[in-house]
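Participant: task: produce atomic coordinates for the following.
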Amino acid sequence: MAKGRIVIDVERCKGCELCRDACPQDVLMLSDKFNNKGYRPVFLLEHDNECTGCALCAIACPDACITVYRQVPQRRLHPAQTAV
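Facilitator: Numbering: from 1, shown residues only. Next comes the predicted model:
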């Protein structure tokens, strides 16, 4: 299964929570702290690396505050499939 992580530009985030609604893994939360504009930005919960890097949060974000990094595991080739 793919793993991912996101980086949120907290100073641009307005806390609209559209990304939270879009996240199928439910790993986004509103911060208790405020950014410089007075909004509570969203942050990624880091429990058990449940983010898959699907990027639905970034697509839903109207202010393009989210950058997604996705790691897809490499498939191991069977020895008979390796090139000679």
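
Participant: from Arg75, how far off is the residue nearest the centre of the chain?
Facilitator: The centroid of the chain falls nearest to Ile6 when counting by Cα atoms, centre = their mean (3.5 Å). Counting by Cβ to Cβ, to the nearest Å, the separation of Ile6 from Arg75 is 25 Å. Where you see a C-beta, it was placed from the backbone N, CA and C, and this is true even at glycine.

Participant: where do the helices sit along the protein?
Facilitator: For the chain, helices defined by DSSP state H occupy the ranges 18-22, 56-60.

Participant: put together CSV for these, with distance to Glu11 and mean neighbour count on each row.
Facilitator: Below are the helices of the chain laid out as CSV (distance: least, Cβ to Cβ, whole Å; neighbours: other Cβ atoms under 10 Å):
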stretch, distance to Glu11, mean neighbour count
helix 18-22, 16, 17
helix 56-60, 17, 18
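
Participant: got JSON lines for those, with distance to Glu46 and mean pLDDT too?
Facilitator: Formatted as JSON lines, the helices of the chain follow (distance: least, Cβ to Cβ, whole Å; pLDDT from 0 to 100):
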{"stretch": "helix 18-22", "distance to Glu46": "16", "mean pLDDT": "97"}
{"stretch": "helix 56-60", "distance to Glu46": "15", "mean pLDDT": "97"}
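
Participant: need these in JSON lines (columns: distance to Val42).
Facilitator: Shown next, in JSON lines, are the helices of the chain (distance: least, Cβ to Cβ, whole Å):
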{"stretch": "helix 18-22", "distance to Val42": "6"}
{"stretch": "helix 56-60", "distance to Val42": "8"}
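
Participant: nearest to Gly38 among these would be which one?
Facilitator: When the helices of the chain are compared by Cβ to Cβ, helix 18-22 sits nearest Gly38, at 18.6 Å.

Participant: contacts for the closest one?
Facilitator: Helix 18-22 is touched from outside by 26, 28-30, 42, 56-62, 66, with contacts defined as Cβ atoms under 8 Å, 6 or more residues apart in numbering.

Participant: and that helix, how far out from the chain middle?
Facilitator: 11 Å (Cα atoms, centre = their mean, to the nearest Å).

Participant: just stretch 21-36 next, same as before
Facilitator: Stretch 21-36 sits 10 Å away from the centroid of its parent chain (Cα atoms, centre = their mean).
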